[in-house]
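# this is a predicted model, with the sequence first.
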There are 2 protein chains.
Amino acid sequence: MTVSSLDPAIAARLKRGPDGLVPAVAQQYDTGEVLMLAWMDDEALHRTLTTGRATYWSRSRGEYWVKGDTSGHVQHVRSVALDCDGDTLLVRVDQVGAACHTGTRTCFDGRDLPLTADAVPSDVVASESASPAEAGTQTDPAEGSIR
Amino acid sequence: MTVSSLDPAIAARLKRGPDGLVPAVAQQYDTGEVLMLAWMDDEALHRTLTTGRATYWSRSRGEYWVKGDTSGHVQHVRSVALDCDGDTLLVRVDQVGAACHTGTRTCFDGRDLPLTADAVPSDVVASESASPAEAGTQTDPAEGSIR
């Protein structure tokens, strides 16, 4: 990684993991789709804030990754927010084409895991009150396979 | 952490960090708001899939955290997706009240970082073609403070 030009006032607020990285959630600015999650160090954040192009640190390649430079699937940055704890970034972008390297629009499309439907019927969820439930701290009643 | 009851077929697809955790993005299922990011181990994912309540591993407290158990700000799970790489979860929920411990609806509300607006005027962004740009791999032209 590189010596960063990130504004020191922002750098002071960042809480990085042991690898110096912060997770960055990329969201399509108008539809709200969560496109992907990637990682930024200080310099990647600096470049994202100042170039208008979402730029990540590729953990697999060990280099900066300007999203779309090889695929054409650019992310034009609309806004960047740092969360309450300073340990997560939300990058709102205008995504050109597919965000996912597999060709799907987002990295989550068609990749739902099975829920155990009978544990919480949807009509119960919809009408449930907002009071704190205690059940979650007890032993999970569904011990078998969830498929 | 606990011996997990997570379906072995799902566990085999999870790519965990060195701490055994996977980032989980919580999104309001209908509005698309990104509410927060938290972390799950296998057992937290199992509980989330089988109880209908979003359950995380709290890194700060070192224990399972059923969102809303103390605050009342419950997350009712609508779907859970595992991304293309198996290293990120997207949990679509119906969030009761504020997701953030500070009282804001999401952990990102009102927490935008300043963009260097003159680097990429919005009208250029809006009309820019989808062809891969090379500028992102060059030295960043904006070296000064971004505030």
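Nice, I can see it. Just so it is clear, the structure is predicted and the values come from calculations on it, not from any experiment.
# and residue A:79, what pLDDT?
Looking at residue A:79, its pLDDT is 98.
# what mean pLDDT does stretch A:84-91 have?
Averaged across stretch A:84-91, the pLDDT comes to 98.
# before we move on, what about stretch A:17-26?
Rounded to a whole number, the mean pLDDT of stretch A:17-26 is 97.
# tell me the phi and psi of the residue lying closest to residue A:99 once chain neighbours are set aside?
Excluding the flanking residues, the one nearest residue A:99 by C-beta to C-beta, 6 or more residues apart in numbering or on different chains is residue A:35, at 3.8 Å. Bear in mind the C-beta positions are built from the backbone N, C-alpha and C, glycine included. Note on residue A:35: backbone dihedrals following degrees, to the nearest 10 are phi -90, psi -50.
# ok, now residue A:77?
The phi/psi pair for residue A:77 (degrees, to the nearest 10) reads phi -80, psi 130.
# can you tell me how far it is from chain B?
Distance, residue A:77 to chain B, by C-beta to the nearest C-beta, to the nearest Å: 7 Å.
# then residue A:34?
Applying C-beta to the nearest C-beta to residue A:34 and chain B gives a distance of 5 Å.
# contacting residues around that residue?
Taking C-beta atoms under 8 Å, 6 or more residues apart in numbering or on different chains, we find residue A:34 in contact with A:25, A:26, A:27, A:106, A:108, B:25, B:27, B:32, B:34, B:90.
# hey, C-alpha coordinates of stretch A:109-118 in PDB?
C-alpha atoms of stretch A:109-118 as PDB (Å, rounded to 0.1, in the frame of the first residue of the first chain):
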ATOM      1  CA  ASP A 109     -28.600 -11.600  -7.300                       C
ATOM      2  CA  GLY A 110     -30.100 -15.100  -7.300                       C
ATOM      3  CA  ARG A 111     -27.900 -16.100  -4.300                       C
ATOM      4  CA  ASP A 112     -30.500 -16.300  -1.500                       C
ATOM      5  CA  LEU A 113     -29.900 -18.800   1.300                       C
ATOM      6  CA  PRO A 114     -32.900 -20.900   2.500                       C
ATOM      7  CA  LEU A 115     -34.700 -19.600   5.500                       C
ATOM      8  CA  THR A 116     -36.500 -21.900   7.800                       C
ATOM      9  CA  ALA A 117     -39.900 -20.600   6.900                       C
ATOM     10  CA  ASP A 118     -41.900 -22.300   9.700                       C
END
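# pLDDT below threshold where in chain A?
A:1-2, A:117-147 (pLDDT under 70).
# and the residue of it closest to chain B?
Chain B sits closest to residue A:32 of chain A, with a gap of 2.3 Å, by C-beta to the nearest C-beta.
# that residue reaches residue B:33, doesn't it?
Yes. In this structure, residue A:32 is within contact of residue B:33 by C-beta atoms under 8 Å, at 6.9 Å.
# tell me the centre residue of chain A?
residue A:25 (2.3 Å; C-alpha atoms, centre = their mean).
# contact partners for it?
Here residue A:25 is in contact with A:34, A:37, A:88, A:89, A:90, A:91, B:25, B:34, B:37 (criterion: C-beta under 8 Å, 6+ apart).
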